[in-house]
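Participant: Sequence first, then the predicted structure, then my questions.
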Amino acid sequence: MALNKVWMANHDAKTRPDHAEADGQEVGMDESFDVGGEQLMYPGDPAGSPGNIINCRCTVYYTSVQSLESEDEIGKALTKYSKTIPQLAVTREEYRALLRLKR
Ligand SMILES: [Zn+2]
């Protein structure tokens with residue numbers, strides 16, 4: 001079971017340049033993103049400096065490295081991470097759908 005996570009920035013005038021740059025960055029689920037020179041496990045990770053995490057509206061979505069056998073397996077893999085990565089979206093498509101609903 002191998003999942004990667006991908007940083008996804010909100011693109012608008014308020015988006016931090018470092019975060020826009022991190023958009024699309026893909027790392028392993030247990031690895032951290034490099035955002036503006038800081039190591040963040042997810043958007044808003046308290047390990048980052050306040051200027052890098054406060055009001056961050058970025059999110060992450062997962063992508064599977066290998067093809068997963070079933071949705072059940074994906075669910076199991078995500079359950080493991082949902083507690084540690086609060087912003088984890090289910091899939092890129094679902095996240096896009098959520099963004100559309102918000103507007
Ligand atoms: Zn952000």
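Facilitator: Everything's here; your move. Numbering: from 1, shown residues only.

Participant: Straight-line length of stretch 48-60, end to end?
Facilitator: 16 Å (CA to CA, to the nearest Å).

Participant: does the ion sit close to that stretch?
Facilitator: Yes: using CB under 5 Å from the ion, stretch 48-60 comes into contact with the ion via 56, 58. From N, CA and C alone the C-beta is placed, and that goes for glycine too.

Participant: Name the residues that touch that stretch?
Facilitator: 5-10, 14-16, 18-19, 22-23, 35-36, 38-40, 42-46, 85, 87-89, 95 (CB atoms under 8 Å, 6 or more residues apart in numbering).

Participant: so which of those residues are also by the ion?
Facilitator: His19.

Participant: Return the subset of the contacts of stretch 48-60 lying in strands.
Facilitator: In strands, judged by DSSP state E, the following of these are found: 5-8, 35, 38-40, 88-89.

Participant: Name the member of those residues that has the highest neighbour count.
Facilitator: Lys5 (25 neighbours; other CB atoms under 10 Å).

Participant: Looking at it now. What's its pLDDT?
Facilitator: If you check Lys5, the pLDDT there is 90.

Participant: ditto for Met41
Facilitator: 94.

Participant: what residues are up against the closest residue to it other than its chain neighbours?
Facilitator: Nearest non-adjacent residue to Met41, counting by CB to CB, 6 or more residues apart in numbering: Ser32, 5.1 Å away. Contact analysis of Ser32 by CB under 8 Å, 6+ apart lists 39-41, 45, 47.
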